[in-house]
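Undergrad: starting from these lines, generate the structure:
(one chain, ligands or ions: 3)
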Amino acid sequence: MHETRHSSPLSLEDTQATAAVIMSDTLVASRFLPSNDHIGVTAVAFSGGQGKAGVDAGPDSLIKAGLLKQLKDDLAYRIDYDGIVNTYADVIPESDPTVDNMKRPRACSAVNQRLHEQTYAHAKDGRLALTLGGDHSIAIGSISGVARAIRERLNKPLAVIWVDAHADINTFETSDSGNVHGMPVAFLTGLCKHDIFSWLKEEHMIPSSKLVYIGLRDVDSGEKKILRENKIKAFSMHDIDRHGIGRVVDMALEYIGDDIPIHLSFDVDALDPAHAPSTGTPVRGGLTLREGDFICEAVHETGRLVSMDLVEVNPKLLAKEGNADTWEVAETVRAGCSLVRCALGESLL
Ligand SMILES: NC(=[NH2+])NCCC[C@H](N)C(=O)O
Ligand SMILES: [Mn+2]
Ligand SMILES: [Mn+2]
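TA: Ligands and ions are numbered 1, 2, ... in the order given. Down below sits the predicted model:
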């Protein structure tokens, strides 16, 4: 029989007393989850947060590459996945003109509102909510749903580790592009509010003091001002060069504190384009594969990961005619799968 690598399920009451034991034990999704081997997957085929077609095919490419099978067979998780790659076609309006500089705002809002309910349901029932994107605008829904469930269940805020080349904290006022995938953090922290997103409530949000960035290297000047004025913690590639990834991750985890559940939002463009070229907004000088995997491993090791996004894999962008797999696409998808597996404990011996 296949030996499960997870310890037995814990009640929430048990969690405090057994935390130390679990931390020294090897594989556990999170001490904030009632069952530590259960993942709820939501596949989000959405590209409306930016202008390049194909990122909606991201979840399908990750799943076809075997990601969920690996989590189930190799890492012994129970996978709750409805088999649906959500397009949310029924809520996407035919006409969606720009409002206040936001492109496709109604689609972005409606899709995120639906996704919010899906990750909320996973997190409420104690499953680790894994969301496969799609462009990064979908973090508005994925994170707010989990944050709401965590508040209800544990009366705690959710901490967010945002791994990205970009800060994605533009407001519709500061954004040059008008692309909502450059704005999710502003909505999630309440720094940006808009009637079109009126479903997003205070109790779905995350405190900007429990947000930390890793990997930044392409931050707009308006965003720099927002980061400074709100004293938001950020570790750029410069910090990684100076201190090394190990120190940076330690400092990031220290900053958010050790008694808080963690959401990991991983934009594949945090990786250097040498490793993840097939993405919409690549920026040179990024993380190596090992640095990316290391961040995920270290977050896993905290035993406090309750949810994760993996976004911006665009398997169409660098595909050849007839969709033949190029090395660029294959490597990007492979990197995405590796990041998720590392966040779920694959590297532990
Ligand atoms: N999720 C992403 N890849 N975001 C890129 C954002 C780029 C730019 N800062 C913008 O607001 O348009
Ligand atoms: Mn990015
Ligand atoms: Mn991003």
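Undergrad: how about the lengthiest helix in the chain: buried residues?
TA: Secondary structure of the chain read by DSSP state H shows that its longest helix is helix 105-124. Neighbour-count burial for helix 105-124, counted by 16 or more other CB atoms under 10 Å, picks out 105-116, 118-124. C-betas here are computed from N, CA, C, even on glycine.
Undergrad: same question, stretch 157-176
TA: By 16+ other CB under 10 Å, the buried positions in stretch 157-176 come out as 157-172, 174-175.
Undergrad: what's residue 196 in contact with, if anything?
TA: By CB atoms under 8 Å, 6 or more residues apart in numbering, the contact list for residue 196 reads 99, 102, 105-106, 109.
Undergrad: and the next helix or strand past the longest helix of the chain?
TA: The helix or strand immediately downstream of helix 105-124 is strand 128-132, counting by DSSP states H and E.
Undergrad: please see if the helix or strand just after that following strand touches ligand 1.
TA: Heading C-terminal from strand 128-132, the first helix or strand you meet, by DSSP H and E, is helix 139-154. No. Judged by CB under 6 Å from any ligand atom, helix 139-154 stays clear of ligand 1, getting no closer than 8.5 Å.
Undergrad: what about helix 139-154 and ligand 3, any contact?
TA: No. For helix 139-154, no contact with ligand 3 is found by CB under 5 Å from the ion; the gap never falls below 7.7 Å.
Undergrad: can I get that helix as PDB, trimmed to CA atoms?
TA: Provided in PDB are the C-alpha atoms of helix 139-154 (Å, rounded to 0.1, in the frame of the first residue of the first chain):
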ATOM      1  CA  ALA A 139      -6.100  37.000  -7.100                       C
ATOM      2  CA  ILE A 140      -8.800  39.500  -6.200                       C
ATOM      3  CA  GLY A 141     -11.300  36.600  -6.000                       C
ATOM      4  CA  SER A 142      -9.000  33.800  -4.800                       C
ATOM      5  CA  ILE A 143      -7.500  35.700  -1.900                       C
ATOM      6  CA  SER A 144     -10.600  37.500  -0.800                       C
ATOM      7  CA  GLY A 145     -12.500  34.200  -0.600                       C
ATOM      8  CA  VAL A 146      -9.900  32.600   1.600                       C
ATOM      9  CA  ALA A 147      -9.400  35.800   3.700                       C
ATOM     10  CA  ARG A 148     -13.200  35.800   4.400                       C
ATOM     11  CA  ALA A 149     -13.200  32.100   5.400                       C
ATOM     12  CA  ILE A 150     -10.100  32.500   7.600                       C
ATOM     13  CA  ARG A 151     -11.700  35.400   9.400                       C
ATOM     14  CA  GLU A 152     -14.800  33.500  10.100                       C
ATOM     15  CA  ARG A 153     -13.100  30.300  11.200                       C
ATOM     16  CA  LEU A 154     -10.100  31.600  13.100                       C
END
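Undergrad: following element in sequence after it, please.
TA: strand 159-163.
Undergrad: let me know the angle separating that next one from helix 139-154.
TA: Strand 159-163 runs at 150 degrees relative to helix 139-154, counting by axes from the mean of the first three to the mean of the last three CA atoms, to 10 degrees.
Undergrad: against which helices or strands is strand 159-163 packed?
TA: Counting contacts by 3 or more CB pairs under 8 Å, 6 or more residues apart in numbering; DSSP states H and E, strand 159-163 packs against strand 211-216, helix 245-256, strand 262-267, helix 289-301.
Undergrad: give the buried residues for the last one.
TA: Residues of helix 289-301 classed as buried: 289, 291-301 (neighbour count, 16+ other CB under 10 Å).
Undergrad: how about the residues of the protein near ligand 1?
TA: 136, 166, 168, 170, 175, 177, 179, 181-182, 220, 267, 269, 281, 312.
Undergrad: would you mind measuring from residue 332 to ligand 2?
TA: 13 Å (CB to the ion, to the nearest Å).
Undergrad: which helix or strand contains that residue?
TA: If you go by DSSP H and E, residue 332 is part of helix 327-343.
Undergrad: quick check: angle from that helix to helix 289-301?
TA: Orientation check (the same axes, to 10 degrees): helix 327-343 against helix 289-301 gives 30 degrees.
Undergrad: tell me what helix 327-343 is packed against?
TA: Short answer (3+ CB pairs under 8 Å, 6+ apart): helix 327-343 packs on helix 58-64, helix 67-69, strand 262-267, helix 289-301, strand 305-311.
Undergrad: for burial, what's the neighbour tally of residue 45?
TA: Using other CB atoms under 10 Å, residue 45 has 21 other residues around it.
Undergrad: with adjacent residues omitted, what lies nearest to it?
TA: Excluding the flanking residues, the one nearest residue 45 by CB to CB, 6 or more residues apart in numbering is residue 56, at 4.1 Å.
Undergrad: check contacts around residue 331.
TA: Neighbouring residues of residue 331 by CB under 8 Å, 6+ apart: 275-278.
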